[in-house]
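Student: Predicted model and sequence follow; I will ask about them next.
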Amino acid sequence: MQKAKRFGLALVVLFFLGGGVAHFIATDFFLHVMPPQIPYPRAAIYLSGIFELLGAIGVLLPQTRQIAGNCLILLTFCVTPVNVYMWLHPDLFPEVSSLFLSGRLMAQVFLVADIWWSTRTEQQSVIRSPVQTAKKNTAKIALRGAS
């Protein structure tokens, strides 16, 4: 694994380990920022903390890295409503600057990109266009027909 990818993976691990632990030691903060529409907020906080910890451990193991990365991406999308709620209601969170709340939403885009990139092998991280896929499949079919 190249150095840059290791660094990206380390960021993912540290982010989710730290976040996962924070769900248990700063539960009151997370309760404060939870949108009122979310049922069983304390359970949601603990569950997402557990998933963050499991995902961080999962990306450390090559055998589970990609599936754990996929799960962390899904988890990131699942917690986005909390960030959007905070961004839409900055008056409820005077201790947090509105610039930070906006930056937090943008950081999620980079976080998802880093998770995707750092949890795939070089071959897996290449995204092919439909045209490239069609050309590749056509070449395979042509080779089979020639034999």
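Tutor: That came in fine, so what should we check first? Residues are numbered from 1 along each chain as shown.
Student: center of this structure, which residue is that?
Tutor: The residue lying closest to the centre of the chain (C-alpha atoms, centre = their mean) is residue 73, at 3.1 Å.
Student: so where is this protein shaky, pLDDT-wise?
Tutor: Within the chain, the ranges that satisfy pLDDT under 70 run 1, 122-147.
Student: again, 80 this time
Tutor: Counting by pLDDT under 80, the chain contains low-confidence ranges at 1, 121-147.
Student: all helices of this protein, in order?
Tutor: Along the chain, counting by DSSP state H, helices occupy 3-25, 27-33, 41-60, 65-88, 98-118, 130-146.
Student: Residue 55 against residue 75, yeah?
Tutor: Yes: Residue 55 lies in contact with residue 75 (C-beta atoms under 8 Å); the separation is 6.4 Å. C-beta: built from backbone N, CA, C; applies to glycine.
Student: Give the burial count for the closest residue to residue 53 other than its chain neighbours, as a bare number.
Tutor: Excluding its sequence neighbours, the residue lying closest to residue 53 (C-beta to C-beta, 6 or more residues apart in numbering) is residue 20, at 3.7 Å. The tally of other residues near residue 20 (other C-beta atoms under 10 Å) stands at 19.
Student: same deal with residue 24?
Tutor: Other residues within reach of residue 24, judged by other C-beta under 10 Å, total 13.
Student: Equivalent analysis for residue 36, please.
Tutor: Residue 36 sits with 7 neighbouring residues when counted by other C-beta under 10 Å.
Student: ok, now how distant is residue 62 from residue 119?
Tutor: Residue 62 sits 10 Å away from residue 119, taking C-beta to C-beta, to the nearest Å as the criterion.
Student: Thanks a lot, catch you later.
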